[in-house]
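# model this:
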Amino acid sequence: MNNIDKELLKSVADLHFTPLGSFNIRKNGESVGRNSTKEIEIITKKDKSGIDIIVKPGVKNKSVHIPVIITVGDLTDIVYNDFYIGEGADVIIVAGCGIHNPTLDDSRHDGIHAFYLEKNSKVKYIEKHLGTGKGGKILNPITKIFMKNGSEFEMETLQIGGVTYSKRDTQAVLEDNTKLLIKEKILTTEDQEAITSFDVQLKGKNSHVQVVSRSVAKENSKQSFYSNISGEAECFGHVECDGILLDKAQIISVPKVDAKCPEASLVHEAAIGKIAGEQLLKLMSLGLSHEEAENLIIKGYLS
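Next up, the predicted model:
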């Protein structure tokens, strides 16, 4: 690992050293480090690029790290990762992708992840994206979540800067007594574009989903947010999309809620606007420049 590798892993996976427990580190399309344990096993797929992550039933207070880094130009990396979470397990999964592109060509990573949660299992999933360097940094994650009775899934996604183009597609199917919490935060600048879409089917009684999106679009960047929440039983769904818009940027929010059962309760809220002038003035009265005050507000908003 060179210094660029270490900085990328630190930024997208909070790794300052080789993690304890189960992990798989992927660099430029190949695995460069892996460890399995008796609680969490990582197996290479035989039919396509990717891995199976198998969490045994009842495993608790364990984590698995599967970050990806790209440090070359003109590379398209596609990986298929499937996660099998045993009954009653409770784990943290840390993914994320950092691209440092030293060329003028595009580098791209498509991570297709599928999660299969057995009864009463719990997962916290963290995925950060970062781009640095000259050329295009493209990230197109697809996440599919299948939740059985009593399971819980918390997903945190952060696009922390420098990504030229991203398209995130998240799909979920919830059975009885399940809870899905999704929190996304996105920063775009220059001419960058980010598209996110969430398609959630609340099929089970007492299923519950909450999607919270916070975004900042600056300069000439563009963001698009799409949500489709379908309530097919007695359930609850809440989508909240908040954005800060600066310069000549654009944010589009397109909600869709579809109640197919009289006991389904579905709510969507959206708010997009610029930073309030009183916030800037208050910070500038403390001696900060306009740019410093603006950056401080954005940092707090996305933290």
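# how about stretch 142-161: buried residues?
Within stretch 142-161, the residues that count as buried by 16 or more other Cβ atoms under 10 Å are 143-155, 157-161. Glycine gets a C-beta too; all of them are placed from N, C-alpha and C.
# do the same with stretch 176-187
Buried residues in stretch 176-187 (16+ other Cβ under 10 Å): 176-180, 182-187.
# likewise stretch 185-199?
Using 16+ other Cβ under 10 Å as the test for burial, stretch 185-199 gives 185-189, 192-196, 198-199.
# State the mean pLDDT of that stretch.
Confidence over stretch 185-199 (mean pLDDT, whole number) is 97.
# how about it as CSV, C-alpha atoms only?
Provided in CSV are the C-alpha atoms of stretch 185-199 (Å, rounded to 0.1, in the frame of the first residue of the first chain):
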residue,chain,number,x,y,z
LYS,A,185,-25.6,12.7,2.0
ILE,A,186,-24.3,14.1,-1.2
LEU,A,187,-21.9,16.9,-2.2
THR,A,188,-21.5,17.9,-5.9
THR,A,189,-19.4,20.8,-7.3
GLU,A,190,-18.2,22.0,-10.7
ASP,A,191,-20.0,20.1,-13.5
GLN,A,192,-20.6,16.9,-11.5
GLU,A,193,-23.9,15.0,-11.6
ALA,A,194,-25.5,12.7,-9.0
ILE,A,195,-28.6,10.6,-9.5
THR,A,196,-30.2,8.6,-6.7
SER,A,197,-33.3,6.4,-6.8
PHE,A,198,-35.1,4.4,-4.1
ASP,A,199,-37.7,1.8,-4.8
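# what's in contact with it?
Outside stretch 185-199, the residues that touch it by Cβ atoms under 8 Å, 6 or more residues apart in numbering are 157-161, 163-172, 182, 184, 211, 213-230, 239, 249, 298, 302.
# Tell me the spacing between the closest residue to residue 79 other than its chain neighbours and residue 234.
Using Cβ to Cβ, 6 or more residues apart in numbering and skipping residues adjacent in sequence, the residue nearest residue 79 is residue 50, 4.7 Å away. Counting by Cβ to Cβ, to the nearest Å, the separation of residue 50 from residue 234 is 37 Å.
# okay, the two: which has more neighbours?
residue 50 (20 against 16; other Cβ atoms under 10 Å).
# got a list of what that one touches?
Contacts for residue 50 (Cβ under 8 Å, 6+ apart) come out as 44, 79-82, 112.
# Try it again at 10 Å.
Neighbouring residues of residue 50 by Cβ atoms under 10 Å, 6 or more residues apart in numbering: 24, 26, 43-44, 78-82, 111-114.
# can you check residue 35 too?
Contact analysis of residue 35 by Cβ under 10 Å, 6+ apart lists 18-25, 42, 64-65.
# Test my guess that residue 205 contacts residue 261.
Yes - using Cβ atoms under 10 Å, residue 205 is in contact with residue 261, at 9.4 Å.
# tell me, what's touching the two both at once?
232-235.
# Show me what counts as buried in stretch 264-271.
Buried residues in stretch 264-271, counted by 16+ other Cβ under 10 Å: 264, 266, 268, 270.
# how near is the second one to residue 42?
Right, residue 266. 38 Å.
# Check the last one too.
Taking Cβ to Cβ as the measure, residue 270 falls 39 Å from residue 42.
# now do the third one
To residue 42, residue 268 is 38 Å away according to Cβ to Cβ.
# quick one: which of the contacts of residue 35 sit in strands?
Within the contacts of residue 35, residues falling in strands by DSSP state E are 22-25, 42, 64-65.
# where do the helices sit along this protein?
Ranges of helices in the chain, per DSSP state H, are 3-13, 277-284, 290-302.
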